[in-house]
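Student: I would like to see how this sequence folds:
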Amino acid sequence: MDCKIRKWLLSDASDLALALSNKNVQDNLRDGLPFPYMEKDGQEYIGAMLSADENDTFAFAVTVENRAIGSISVFRRENIHRLTAELGYYISEEYWGKGIMTEAVRQICEYVFENSDIVRIYAEPFAYNVASCRVLEKAGFQYEGLLRRNAVKNGEMLDMKMYARIK
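Tutor: Coordinates of the predicted model:
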């Protein structure tokens, strides 16, 4: 499947709602997303991403045949970490395991490195999420270490892994 990242369109809100109304997807993300995720939630998110500072927020739809199947974003950190940015991503469960997210991660890293002064992009997947860790490794990220008991998700203390890619 041919994957492309592109700027969000307000018309992507229904596809976004479909992807995020899946507990299996949300269980691998940070808290704070409504469940079920509605089209209006998608419209609010897309609006916020489209109006964000383009030097600090790099937010794209992950698409197959121009249909939004997920999201990928890089957010610049601040102060002494201003040349560092955090990567976050997800796709609809039906597209898992097809190499799509690996390609989207490669594309966003190339875009950010070519269009900003950011020199380090990092991601912190849950340690149990072997597929997400593999995506990062295949996209050129290096494993930097285990963040023990770093998060609380669904009432459970979880380890996370630190991965980074340097320009």
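Student: check contacts around residue 131.
Tutor: Applying CB atoms under 8 Å, 6 or more residues apart in numbering, we find residue 131 in contact with 96, 97. Glycine gets a C-beta too; all of them are placed from N, C-alpha and C.
Student: helix or strand: which one has it?
Tutor: Using DSSP states H and E, residue 131 sits within helix 130-138.
Student: pull the residues that contact the helix or strand just after that helix.
Tutor: The element immediately downstream of helix 130-138 (helix or strand, assigned by DSSP H and E) is strand 142-153. Contacts with strand 142-153, where a contact means CB under 8 Å, 6+ apart, come from 27, 31, 122, 124, 126-127, 133, 137, 157-165.
Student: give me the mean pLDDT for stretch 142-155.
Tutor: Average pLDDT, stretch 142-155: 93.
Student: which parts of it are buried?
Tutor: Under the neighbour-count criterion of 16 or more other CB atoms under 10 Å, stretch 142-155 has residue 153 buried.
Student: in the chain, which spans are strands?
Tutor: Taking DSSP state E as the criterion, the chain contains strands spanning 3-6, 57-64, 67-76, 84-91, 120-123, 142-153, 156-166.
Student: ok so, going back, the helix holding residue 131 to strand 142-153, inter-axis angle?
Tutor: 150 degrees (axes from the mean of the first three to the mean of the last three CA atoms, to 10 degrees).
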